[in-house]
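> pasting the sequence and the predicted model now:
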Amino acid sequence: MKKYLPPFILIILSTFTSCGQKTFDEKMQSLYKNTVPLIKADSLKPKLSEVVLLDTRSEEEFQVSHIKDARFIDYDDFEVEQVNDIPKDQEVIVYCSVGYRSERVGEKLQKAGYVNVKNLYGGIFGWKNEGFEVYGPQNQPTDSVHAYNRLWGKWLYKGTKVY
């Protein structure tokens, strides 16, 4: 004789197992204020040579790896004067680990008159998760990505996590 669980028990069990679990997309959407347009990694990849990439993470994170030809600007110390050499109509892509810090920098750029600023969706985590290369200190390809901390590092699915 087979035993069946009552339907309400199944509902309760499924609720507990799904609590707190978000997909990468759900997590990213919960972070963004949507004040800076987003660009996905697969759309950015073919036009890398045409844009200015600004890495808004810490120097430690940048030194582990970054997107090729990205320019380091520290989120904590960012001042718009640091990018005065970039024309205001140049397409500028900002990124960080997942896109939160870079969105704040993107807002500052917009306020300063930059008209073509985009935030990399999912940041360097999203970039690496899509299988695109990152580069280390000597601009050599690497599999390592600074994962910020263990809480945020769970969103980096591909690559070697460095803390």
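Thanks, I have it. Numbers count the residues shown, from 1 in each chain.
> if I pick the residue nearest to the spatial centre of the chain, what's in contact with it?
The centroid of the chain falls nearest to residue 123 when counting by C-alpha atoms, centre = their mean (1.3 Å). Listed by C-beta atoms under 8 Å, 6 or more residues apart in numbering, the contact set of residue 123 reads 95, 96, 97, 98, 99, 102. Where C-beta positions appear, they are placed from N, C-alpha and C, glycine not excepted.
> inside helices: which ones of those?
residue 102 (DSSP state H).
> CSV please, covering the contacts of residue 123 and showing neighbour count.
As requested, those are exported to CSV (neighbours: other C-beta atoms under 10 Å):
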residue, neighbour count
95, 32
96, 24
97, 25
98, 24
99, 24
102, 27
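> what segments of this protein are helices?
Taking DSSP H as the test, the helices found in the chain are 7-18, 24-31, 41-44, 59-64, 100-111, 123-129, 150-153.
> pick out the shakiest of the ones you listed, pLDDT-wise.
Of all the helices of the chain, the minimum mean pLDDT falls on helix 7-18 (a mean of 44).
> okay, and which of the contacts of residue 123 map to strands?
Using DSSP state E, residue 95 are the members of these that sit in strands.
> so can I have CSV of the contacts of residue 123 showing distance to residue 74?
CSV is the format used below for those (distance: C-beta to C-beta, whole Å):
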residue, distance to residue 74
95, 14
96, 11
97, 14
98, 17
99, 17
102, 12
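> hang on, residue 39 packs against residue 121?
Yes: with contact defined as C-beta atoms under 8 Å, residue 39 counts as touching residue 121 (6.5 Å).
> out of the helices of the chain, flag the one nearest residue 137.
helix 59-64 (5.4 Å; C-beta to C-beta).
> quick one: contacts of that closest one?
Helix 59-64 has contacts (C-beta under 8 Å, 6+ apart) with 55, 70, 72, 74, 97, 136-137, 142, 144-146, 148, 162.
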